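In: Take a look and give me a structure for this.
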Amino acid sequence: MQKSFGKRVLKWLGISFLSIFLLVALIYTVVYLSTQNRIDKIYNVTVQDLTIPSDSLSYEKGRHIAQNRGCMGCHGENLAGKEVFLPPGSPMGTLVASNITSGKGGIQYDDKDWIRILRHGVNKEGKSVWLMPSHEFCHLSNSDMRALISYVKNQPPVNNTVPKKEIKPLGRLMVFLNKFPCYLLSSSIIVKNMQMIYHLLLLQNMVLIWLPHARDVMLKPTQVHRP
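Out: Reported below is the predicted structural model:
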């Protein structure tokens, strides 16, 4: 009797552990596929043509913009990359600021690559860059954009290979739950902002169309019906 009871307990424990394992596996599969779909999403953008200057005034203007926008705070004083987000060994993954100089380990961007990442938050492959606050740069004027790119491109090359970016299961769960900074995937917030602006403009146009009609109705003389 006791042996039979013990077997039933072991059987139900086995079924319970298997059910929990399958449930966790299912949840992680959903989380992985959802986050990977966001990471691999391709954004087709039209890159603006800008002529990047190389004069000293533009350089100084670009340096001022870079300092005010906090470029050095993430990428380091020499812009060679910095462990500022998730250093190697973090349980959520590895996310460090890139080396944006032309040295070994740098991103090696040309003018259009810089415009693409600053205006749209996407890399050469059309995928969203990680933890780059492009939504704070996308509205820069053409003059400011030229100056900023001029400053970054004319930095001394620094040889520094930063750790490869990686998101671990815990990090993916945080992304899935939207607990990471909103600019983890830069292009997504730019798209959301553009959609919000579009809907606000649409609402504005609807109001402008409706107001004259409403005014006419309000100003229309009241008709008195006499018996």
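In: Quick check, A97 in contact with K82.
Out: Yes. Applying Cβ atoms under 8 Å, one finds A97 in contact with K82, separated by 4.8 Å. C-beta coordinates here come from the backbone N, C-alpha and C atoms, glycine included.
In: Need the residues touching each of these two.
Out: Taking Cβ atoms under 8 Å, 6 or more residues apart in numbering as the criterion, A97 and K82 both touch 74-76.
In: which one of the residues you listed sits closest to N68?
Out: Using Cβ to Cβ, C74 comes nearest to N68 of these, at 13.5 Å.
In: and that closest one, what does it touch?
Out: Counting by Cβ under 8 Å, 6+ apart, C74 touches 82, 84, 97.
In: Check which residues of the helix or strand where it lies are buried.
Out: Assigned by DSSP states H and E, C74 belongs to helix 71-75. Buried positions in helix 71-75, judged by neighbour count with 16 or more other Cβ atoms under 10 Å: 71, 74-75.
In: Adding pLDDT and distance to V175, write those residues out as CSV.
Out: As requested, the buried residues of helix 71-75 are exported to CSV (pLDDT from 0 to 100; distance: Cβ to Cβ, whole Å):
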residue, pLDDT, distance to V175
C71, 92, 24
C74, 88, 19
H75, 93, 22
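In: how about those in a markdown table, adding distance to L148?
Out: Below are these laid out as a markdown table (distance: Cβ to Cβ, whole Å):
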| residue | distance to L148 |
| --- | --- |
| C71 | 8 |
| C74 | 14 |
| H75 | 13 |
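In: quick one on the thing from earlier: list just the nearest of the shared contacts of A97 and K82 to H64.
Out: H75 (16.3 Å).
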